[in-house]
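J.: next input, structure requested:
(one chain, ligands or ions: 1)
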Amino acid sequence: MKTILILGGGVGGIVTANELSSSIGGEHNIVLIEKNKEHTFAPSYLWLMNGYRNKKQICVPLKSLLKKNIEVVNANVSEIVPDEHKVKAGEKEYHYDFLVIALGADLAPEKIQGWDHSIHTFYTMEGAVKLHETLKNTSGGKVALVISSMPYKCPGAPQEGAMLVEDFLKSKGIRDKVEISLFTPEPQPLPVAGPELGNAVKSILDQKEIRFHPSMFLESVDTKSKQLFFNGKEPFEYDLLIVIPPHQSPDVIRKSDLTNANGWIDVNPQTLETKHENVFAIGDVASIPLPGRWIHDKPLLLPKAGVFTHLQAVVVAKNIIRKIKGEKGDEKFCADGYCMLEAGEDLAGFAFGDFFGEPHPQVQLKQIGKKWHIGKVLFEKLWLSPVGFKKTFYKNLLQIGGKLIGIPVKL
Ligand SMILES: Cc1cc2nc3c(=O)[nH]c(=O)nc-3n(C[C@H](O)[C@H](O)[C@H](O)COP(=O)(O)OP(=O)(O)OC[C@H]3O[C@@H](n4cnc5c(N)ncnc54)[C@H](O)[C@@H]3O)c2cc1C
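T.: Next comes the predicted model:
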């Protein structure tokens, strides 16, 4: 009997555990270690921010999302020792034959010089709730949304956030009293998705009169005088500041010998195996350079996104099953991804394509419309439904919808 240890019960951990359970559950030990008892659906933070959702609607007990024969340990992982096939969590040690690390990315707002609690973010659940209250009381002025550094989760979320803030203020009847600016160190919106998508998103931002400021490197913030300082640029005054905070790998990963110079885990881009045999890293914690793509002398990385985490989890689970059964050949990860990009007014765009495309990712944007927004809502329902009939219902609905509009949806 083999033991497969999965660290993290977010998107990657849940999908890996369920895939394993469907095939080898009961025959081998599947153990998932997660510090939280509840699971929250991060894409819905944007809807918390604009008041479409409340906290209860986007949090469910983790166990309700997991299939049979998965042992769930509610503990904090404090040490990973690949040379001894051992992990420490809570007061206990766990030994494994296969290890899947899906611990995600942590936010480190304190790395912003001048950061304090007056600065908003919708990248956490609490942050999105607080920002909603502030937006309700806003009467006008300058809103600055700043991507503080790269890489960050979900390349579409900052522009979605800007468009939903715009929509919310429009619905309050004060759009003409507000100036919205989006600052990023990147040279275009979503460079990880290639120039075609970047241009399409830029023109939507232009239509909504959201000012896009590329190549802006945040140096510091002065929350007393409400000024932003960017490298070599004039200070920018704001009334409301929303940031996408710096991201870093969880503490336990940074303490381990698994990281590269940038603090993330290098993996084989096709199998997600780390430098240690039978140790895999998937999702936000993994680092996968996009072929031939560089920005500011650094390799551009595959986006930290649930859609890729999901596909990687399936690949890793299938390869573990093959290894256990002694079968030859590897399942390989390919970066064909998609994203429903919320644009406000219950509309969304649909971006899809090959993120490993060369010389640059080949990702296109379908014209914004209601159907993509409905698709995103259905996906949220599918993700948060307990294992069983309801989940199968939403899965079928999304797959039929995908077939009708000619886009195969891999779930
Ligand atoms: C606002 C927002 C919008 C987004 N929208 C989209 C979208 O539309 N589409 C998309 O594809 N992606 C989107 N994403 C990104 C997506 O949520 C992540 O890429 C995805 O969740 C990554 O999965 P993961 O398993 O790597 O990490 P996570 O889902 O973050 O899971 C990591 C888990 O590890 C646990 N953990 C961490 N450290 C420890 C420890 N020491 N011990 C025990 N447990 C620990 C955490 O509690 C967590 O449950 C969005 C993200 C945000 C913030």
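J.: quick one: low-confidence parts of the stretch 251-400 of the chain?
T.: Of all residues in the stretch 251-400 of the chain, none has pLDDT under 70.
J.: which residue does it bring closest to the ligand?
T.: The ligand sits closest to Gly283 of the stretch 251-400 of the chain, with a gap of 2.2 Å, by CB to the nearest ligand atom. Heads up, the C-betas are built off the backbone N, CA and C, glycines and all.
J.: how close does the residue in the chain positioned nearest to the ligand sit to Gly232?
T.: The minimum distance from the chain to the ligand, using CB to the nearest ligand atom, falls at Gly10 (1.8 Å). Distance of Gly10 to Gly232, given as CB to CB, to the nearest Å: 38 Å.
J.: count of neighbours near the residue of the chain closest to the ligand?
T.: Neighbour count of Gly10, defined by other CB atoms under 10 Å: 21.
J.: again, but for Asp297
T.: Residue neighbour count, defined by other CB under 10 Å, stands at 5 for Asp297.
J.: and if you look at Phe230?
T.: When neighbours are counted by other CB under 10 Å, Phe230 comes out with 18.
J.: that one: what's it in contact with?
T.: Phe230 makes contacts with 183, 216-219, 236, as judged by CB atoms under 8 Å, 6 or more residues apart in numbering.
J.: of these, which belong to strands?
T.: Counting by DSSP state E, the part of the contacts of Phe230 found in strands is 183, 218-219, 236.
J.: now list the buried members of the residues you listed.
T.: In those, burial by neighbour count holds for 183, 218, 236, counting by 16 or more other CB atoms under 10 Å.
J.: next one, pLDDT for Thr40 please.
T.: Note for Thr40: predicted pLDDT of 97.
J.: count of neighbours near Pro269?
T.: Pro269, neighbours per other CB under 10 Å, totals 19.
J.: what are the phi and psi angles of the closest residue to it other than its chain neighbours?
T.: Once flanking residues are discounted, Pro269 sits nearest to Ile288: 4.9 Å by CB to CB, 6 or more residues apart in numbering. Reported as degrees, to the nearest 10, the phi and psi values for Ile288 are phi -130, psi 110.
J.: and what of Ala162?
T.: When read as degrees, to the nearest 10, the backbone of Ala162 gives phi -60, psi -40.
J.: and if you look at the one 10 residues further on?
T.: Listed backbone geometry of Lys172 is phi -80, psi -10, with angles given as degrees, to the nearest 10.
J.: could you pull up the residues touching it?
T.: 136, 138.
J.: let's see it at 10 Å
T.: When contacts are counted by CB atoms under 10 Å, 6 or more residues apart in numbering, Lys172 touches 135-136, 138-139, 178.
J.: ok, now Ser181?
T.: Residues in contact with Ser181, defined by CB under 10 Å, 6+ apart, are 142-146, 162, 210-213, 216, 228, 236, 238.
J.: got a list of what Asn319 touches?
T.: Applying CB under 10 Å, 6+ apart, we find Asn319 in contact with 98, 270-273, 278, 280, 327, 329-333.
J.: tell me which residues in the helix or strand containing it are buried?
T.: Under the criterion of DSSP states H and E, Asn319 resides in helix 306-325. Within helix 306-325, the residues scored as buried using 16+ other CB under 10 Å are 306-321, 324.
J.: need the residues of the stretch 51-200 of the chain near the ligand, please.
T.: 76-77, 102-104, 122-123, 153-154, 157 (CB under 6 Å from any ligand atom).
J.: dump stretch 121-137 to PDB, restricted to CA.
T.: C-alpha atoms of stretch 121-137 as PDB (Å, rounded to 0.1, in the frame of the first residue of the first chain):
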ATOM      1  CA  THR A 121      -7.000  44.900  -1.800                       C
ATOM      2  CA  PHE A 122      -9.600  42.500  -3.200                       C
ATOM      3  CA  TYR A 123      -7.000  39.600  -3.300                       C
ATOM      4  CA  THR A 124      -8.300  38.400   0.100                       C
ATOM      5  CA  MET A 125     -11.800  37.700   1.300                       C
ATOM      6  CA  GLU A 126     -11.600  40.100   4.200                       C
ATOM      7  CA  GLY A 127     -10.000  42.700   1.900                       C
ATOM      8  CA  ALA A 128     -12.800  42.400  -0.700                       C
ATOM      9  CA  VAL A 129     -15.500  42.800   2.000                       C
ATOM     10  CA  LYS A 130     -13.700  45.900   3.500                       C
ATOM     11  CA  LEU A 131     -13.300  47.400   0.000                       C
ATOM     12  CA  HIS A 132     -17.000  47.000  -0.700                       C
ATOM     13  CA  GLU A 133     -17.900  49.100   2.400                       C
ATOM     14  CA  THR A 134     -15.400  51.800   1.300                       C
ATOM     15  CA  LEU A 135     -16.800  51.800  -2.300                       C
ATOM     16  CA  LYS A 136     -20.400  52.200  -0.900                       C
ATOM     17  CA  ASN A 137     -19.200  55.400   0.900                       C
END
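J.: what residues does the stretch 251-400 of the chain put near the ligand?
T.: So the stretch 251-400 of the chain meets the ligand at 252, 283-285, 304-307, 309, 339 (CB under 6 Å from any ligand atom).
J.: could you redo the last one with a cut-off of 8 Å?
T.: The stretch 251-400 of the chain comes close to the ligand at residues 251-252, 282-286, 303-310, 313, 337, 339-341, 376, as judged by CB under 8 Å from any ligand atom.
J.: are any of those buried, and if so which?
T.: Among these, the ones that count as buried by 16+ other CB under 10 Å are 252, 282-286, 303-310, 313, 337, 339-341, 376.
J.: now the helices for the stretch 151-300 of the chain?
T.: Along the stretch 151-300 of the chain, the stretches classed as helices by DSSP state H, counting those that start in this stretch are 157-171, 195-207, 251-254.
J.: wait, which of the ones you listed is closest to Ala108?
T.: Nearest to Ala108, of all the helices of the stretch 151-300 of the chain, is helix 251-254, at 10.4 Å by CB to CB.
J.: so which elements touch the closest one?
T.: Judged by 3 or more CB pairs under 10 Å, 6 or more residues apart in numbering; DSSP states H and E, helix 251-254 is in contact with strand 77-81, strand 86-89, strand 106-107.
J.: tell me the average confidence for the next helix or strand after the second one?
T.: Right, the one you point to is strand 86-89. Proceeding N to C from strand 86-89, the next assigned helix or strand is strand 92-95, under DSSP H and E. For strand 92-95, the mean per-residue pLDDT is 98.
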